[in-house]
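[1] Based on what follows, work out the 3D shape:
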Amino acid sequence: MAAYLYKATDSTGKVVDGTLRADNETQAVRKLRDLGYIPIRVNPLSSQQIQKVKRNEGNGKGRVKRRETMWFTVQLATLLEAGITLDYSLGVLVDVSENPALRAMVSDLRRAIREGESFSEALSRYPKQFSPLYLNMVKAGEAGGALETVMTNLAEFLEKDYELRSYVRSLMIYPAILLSFGGGAIVVLLTLVLPRFAKIFDDVGIPLPMPTHMLIVASELFMSYWWLGLGCVALSVIGIKAVGKNEEGRRRIDAIKLRMPVLGPLWHKRMVARFARTLASLLDGGVSMLPAFSIIREIMQNKIMAEAIAHVQEGVKEGENIAQPLRMTGAFPAMAIHMITVGEETGQLERMLKKVAITYENETANTIRAFTSVLGPVLIVAMATLVGFIVLSVILPIMRVNDLASFGG
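    Modelled structure (predicted):
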């Protein structure tokens with residue numbers, strides 16, 4: 001296919017320009033008319049012009065972050081809801097995108113659509129930015145002629161997910177700062193302050209109290225074998241990742257995660273909320289039940305939960321409702337199952353699934369808030385205890401020296 005540079009007017013009379021690919025000029029004119037444009041000029045591009053267009057539109061540096069993918073989805077949903085065509089909406093987003101990488105991606109999506117690809121096919125070029133869930137919902141929206149509705153659901157889904165992630169990060173900032181400064185202070189005391197006092201005590205030749213002796217030994221071990229501890233941590237991480245690559249190994253790790261105190265119930269509630277919101281969005285977007293469960297299995301980050309969803313999918317395939325297979329797995333809370341049962345019986349499954357998602361998203365946020373509110377004071381007490389122990393271990397020999405000096409005087 002050859003590349004053509006065109007100028008045309010849209011249905012509102014606004015002049016637009018861009019590039020598209022076609023076998024010949026006649027086909028290029030036909031493609032423009034299919035897009036709702038009235039061609040003014042269509043000229044073939046030389047190889048030098050093609051390279052210039054690629055540099056101007058597709059040479060973005062950096063990467064498209066999760067937040068920017070959410071922004072793209074929200075803005076596109078707003079434009080489509082306002083009745084603006086997909087091609088024109090993407091053109092608007094090219095103009096207003098600040099990140100060169102995002103601008104290049106949107107420009108490439110627009111070019112692919114003009115060349116005859118569907119929106120879902122164009123999105124599939126960027127698997128890191130657009131998940132299987134995203135692609136399947138867009139595909140269902142295109143098939144059902146409800147792309148604006150699907151994009152609105154996706155925008156809501158991504159906004160909720162981003163809000164929760166941002167909330168967790170904001171709550172963890174204070175504990176992270178405490179841990180960093182407290183840990184740094186302890187390392188400085190062990191590696192810089194204590195060795196100097198140890199030399200002074202050794203020169204004086206007084207017997208050291210047990211706490212001081214223990215701390216000096218710990219300081220020497222830390223300074224001599226810190227690399228060994230670091231190596232053990234690195235090997236542990238590598239080992240866990242290696243085990244996680246194995247199907248059975250990953251299953252065991254995921255089972256341990258769910259049984260962990262505090263964090264286990266937190267992850268469980270998060271996954272229940274993700275399951276409910278994803279299923280609601282897929283069903284609302286026109287995806288049928290069985291394909292929806294297949295998509296959810298792919299995006300579920302825990303093997304145990306993915307297996308439970310596979311069991312539910314088998315039950316639905318055999319003609320059962322969702323609630324009964326969910327109950328049989330034992331992996332979903334009774335409250336969630338009860339709400340889903342009510343949704344099925346009243347014909348409002350999508351609405352009840354969204355309520356389940358909101359309920360467990362709120363519970364997740366409350367659990368995180370309670371956990372971090374306790375974690376901060378615990379870290380303060382722990383760090384204060386360690387620092388106090390180090391300071392006391394240094395002071396005890398000094399006090400002994402003073403006692404000996406007073407006795408000698």
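
[2] From here on, just use CA atoms for contacts and neighbour counts.
    OK.

[3] Can you list the low-confidence ranges for the stretch 301-409 of the chain?
    For the stretch 301-409 of the chain, the stretches with pLDDT under 70 are 400-409.

[4] Where do the helices of it begin and end?
    For the stretch 301-409 of the chain, applying DSSP state H, counting those that start in this stretch gives helices covering 303-317, 323-329, 334-346, 349-408.

[5] would you turn those into a markdown table with mean neighbour count and distance to residue 262?
    Formatted as a markdown table, the helices of the stretch 301-409 of the chain follow (neighbours: other Cα atoms under 10 Å; distance: least, Cα to Cα, whole Å):
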| stretch | mean neighbour count | distance to residue 262 |
| --- | --- | --- |
| helix 303-317 | 19 | 18 |
| helix 323-329 | 18 | 22 |
| helix 334-346 | 16 | 19 |
| helix 349-408 | 16 | 8 |
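
[6] Can I get the ones you listed in a markdown table including distance to residue 210?
    What follows is the helices of the stretch 301-409 of the chain, written out as a markdown table (distance: least, Cα to Cα, whole Å):
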| stretch | distance to residue 210 |
| --- | --- |
| helix 303-317 | 49 |
| helix 323-329 | 56 |
| helix 334-346 | 55 |
| helix 349-408 | 9 |
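
[7] Ok, which of those comes nearest residue 279?
    Nearest of these to residue 279, taken as Cα to Cα: helix 349-408 at 7.4 Å.

[8] packing partners for that closest one?
    helix 147-188, helix 194-204, helix 210-245, helix 263-284, helix 334-346 (3 or more Cα pairs under 8 Å, 6 or more residues apart in numbering; DSSP states H and E).

[9] Most tightly packed of the ones you listed?
    Counting by mean count of other Cα atoms under 10 Å, helix 263-284 has the highest mean neighbour count of the helices and strands packed on helix 349-408, with a mean of 21.

[10] Give me the mean pLDDT for whatever helix or strand comes next after that helix.
    Going down the chain from helix 263-284, the next helix or strand is helix 289-299, by DSSP states H and E. Throughout helix 289-299, pLDDT has a mean value of 83.

[11] before we move on, what about stretch 204-216?
    Over the span of stretch 204-216, the pLDDT mean works out to 80.

[12] That stretch: how far from the chain's middle?
    Relative to its chain's centre, stretch 204-216 lies at 50 Å (Cα atoms, centre = their mean, to the nearest Å).

[13] start to end distance for it?
    Across stretch 204-216, the terminal residues are separated by 16 Å (Cα to Cα, to the nearest Å).

[14] what residues does it touch?
    194-195, 198, 201, 390, 393-394, 396-397, 401 (Cα atoms under 8 Å, 6 or more residues apart in numbering).

[15] on that earlier part again, mind checking the helices of the stretch 301-409 of the chain for the one nearest to residue 267?
    The nearest among those, by Cα to Cα, is helix 349-408 at 8.2 Å.

[16] Give the closest residue to residue 138 in space, chain neighbours not counted.
    Closest residue to residue 138 apart from its sequence neighbours, by Cα to Cα, 6 or more residues apart in numbering: residue 120 at 5.8 Å.

[17] Show the pLDDT at the one you found.
    pLDDT at residue 120 comes out at 88.

[18] For residue 23, see how far away it is.
    To residue 23, residue 120 is 23 Å away according to Cα to Cα.

[19] Equivalent analysis for residue 346, please.
    Separation of residue 346 from residue 23 (Cα to Cα): 54 Å.

[20] Same check on residue 38?
    For residue 38 relative to residue 23 (Cα to Cα), the value is 19 Å.

[21] Could you do residue 235 as well?
    Distance, residue 235 to residue 23, using Cα to Cα: 57 Å.
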